[in-house]
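1. okay, predicted coordinates and the sequence, questions at the end:
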Amino acid sequence: MNDLSNYRKSYEKSELLESTIPEDPINLFNRWFHEVEDFGASGEVNAMTVSTIGLDGFPKSRVVLLKKFSEEGFIFYTNYNSEKGKAIAANPHVCLSFFWQEMERQVIIKGIAQRTSENISDGYFDSRPDGSKLGAIVSNQSEVIPSRTFLEENLKKLEEEFEGKTIPRPENWGGFLVTPLEVEFWQGRPNRLHDRIRYSSQSDFSWKIERLSS
């Protein structure tokens, strides 16, 4: 057994106080996102973990890229026939999680996912490089395939088929908008006395703000 009990560090880079936070979580998320970006974080700042409850009853998490956020919620794109697409169709309750190690921060979002409009999905698909468009068409995401060569050969056929042509968005590919119901912000602090602030959506469209014990 690998003993990791001595893996530890002291979190000392920032603080999260009620006196300095806005009334709604999207504004705070926007502030944190751009602070991490300006800090020069390595990797993709918009990388997030999406957790769903699968058709087999088990939770499953995977990293995807956030492509847009606003007061309405958080948007990412996927194959609707993929494992996560089918899971969301059966149970739209999802969790999004961001971990920005460089600034010792986490954001955890519980929400309801629904498909974006076709116009929104079309607009984003059209902005993608042709290779990514063809990849979305050729890959039956999450399905068992005989080999990587199988994918590469099918991609080559599509490249020939669509050479010089407009590549249409597949009907089974598009966006999900996650409407947040609860957003928790976690800021690492010394001695494991971390700052945790939770925003909970209220029936009057306001947000209840609470501090949680670390």
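-> On my side now, so go ahead.
2. C-alpha from now on. contacts and neighbour counts both.
-> Noted.
3. for the helix or strand harbouring Asn30, give me every contacting residue.
-> Using DSSP states H and E, Asn30 sits within helix 25-39. Residues from elsewhere that reach helix 25-39 (C-alpha atoms under 8 Å, 6 or more residues apart in numbering): 21-22, 45, 70-71, 100, 102-103, 107, 183, 199.
4. and the helix or strand just after that helix, average pLDDT?
-> From helix 25-39 onward toward the C-terminus, using DSSP H and E, the following helix or strand is strand 47-53. For strand 47-53, mean pLDDT is 98.
5. can I get strand 47-53 as CSV, trimmed to CA atoms?
-> Extracted in CSV, the C-alpha atoms of strand 47-53 (Å, rounded to 0.1, in the frame of the first residue of the first chain):
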residue,chain,number,x,y,z
ALA,A,47,-11.5,23.0,-17.2
MET,A,48,-14.1,21.6,-14.9
THR,A,49,-15.3,18.3,-13.6
VAL,A,50,-18.9,17.3,-14.5
SER,A,51,-20.5,14.7,-12.3
THR,A,52,-23.6,12.8,-13.2
ILE,A,53,-25.6,9.8,-12.0
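6. the most centrally placed residue in the chain: what's it in contact with?
-> For the chain, Met48 is the residue whose C-alpha lies nearest the centre (C-alpha atoms, centre = their mean; 3.8 Å). Residues counted as contacts of Met48 (C-alpha under 8 Å, 6+ apart) are 63-66, 96-99.
7. could I get the full set of helices for the protein?
-> Taking DSSP state H, the helices of the chain run over residues 25-39, 83-90, 118-127, 130-138, 148-161.
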